[in-house]
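Student: here is my input, please return the structure:
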Amino acid sequence: QVELVESGGGSVQAGGSLRLSCAASGRTFSTYTMGWFRQAPGKEREFVAAISWGGSGTYYADSVKGRFTISRDNAKNTVYLQMGSLKPEDTAVYYCAADGRGFRAVVAARSMGSWGQGTQVTVSS
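Tutor: Take a look at the predicted model:
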């Protein structure tokens, strides 16, 4: 089991940038596929991005492709989400997630097994 703690959320104007971080506990971080999801008020949680164990594989939702970048530092047990060109519709609680399945399986399912508590991102117009 892995424990996840997100940080870096906040309020920003449209067009701005934020970087979210997710610190994971445990010595097996490098074996997990990691990802980010988000949930806006009144909407279901949706997939944002995923990254493979070694970081060479990444996958994004169409809504964030070209604006967001997911990365990881296995030495620091941390995964990041760099968000740019933010839009009001990006406003949501962002959740870090981890899964022991392979990258392709996670991307196909667009679901993960372990979740953080979430961090709020608010984009004003």
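Student: can you give me the buried ones in the lowest-mean-pLDDT helix or strand in the chain?
Tutor: The helix or strand of the chain with the lowest confidence, counting by mean pLDDT, DSSP states H and E, is helix 103-109 at a mean of 90. In terms of neighbour count (16 or more other CB atoms under 10 Å), helix 103-109 has its buried residues at 103, 106-107. From N, CA and C alone the C-beta is placed, and that goes for glycine too.
Student: I'd like those laid out as a markdown table, including distance to residue 18.
Tutor: As requested, those are exported to a markdown table (distance: CB to CB, whole Å):
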| residue | distance to residue 18 |
| --- | --- |
| 103 | 25 |
| 106 | 24 |
| 107 | 24 |
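Student: out of those, flag the one nearest to residue 47.
Tutor: residue 107 (8.6 Å; CB to CB).
Student: pretty sure the closest one contacts residue 60?
Tutor: No - using CB atoms under 8 Å, residue 107 is not in contact with residue 60; the gap is 10.0 Å.
Student: in contact with residue 18, which residues?
Tutor: Neighbouring residues of residue 18 by CB atoms under 8 Å, 6 or more residues apart in numbering: 8-10, 12, 83, 86, 121.
Student: swap in residue 6?
Tutor: Contacts for residue 6 (CB under 8 Å, 6+ apart) come out as 20-22, 94-96, 116-119.
Student: in the sheet, which residues pair with the residue lying closest to residue 10 once chain neighbours are set aside? Tell me.
Tutor: The spatially closest residue to residue 10, leaving aside those adjacent along the chain, is residue 18, at 6.3 Å (CB to CB, 6 or more residues apart in numbering). Residue 18 has these beta-bridge partners by DSSP bridges: residue 83.
Student: most centrally placed residue in the chain?
Tutor: residue 36 (2.1 Å; CA atoms, centre = their mean).
Student: what mean pLDDT does the strand or helix carrying it have?
Tutor: Counting by DSSP states H and E, the element that carries residue 36 is strand 33-39. For strand 33-39, mean pLDDT rounds to 97.
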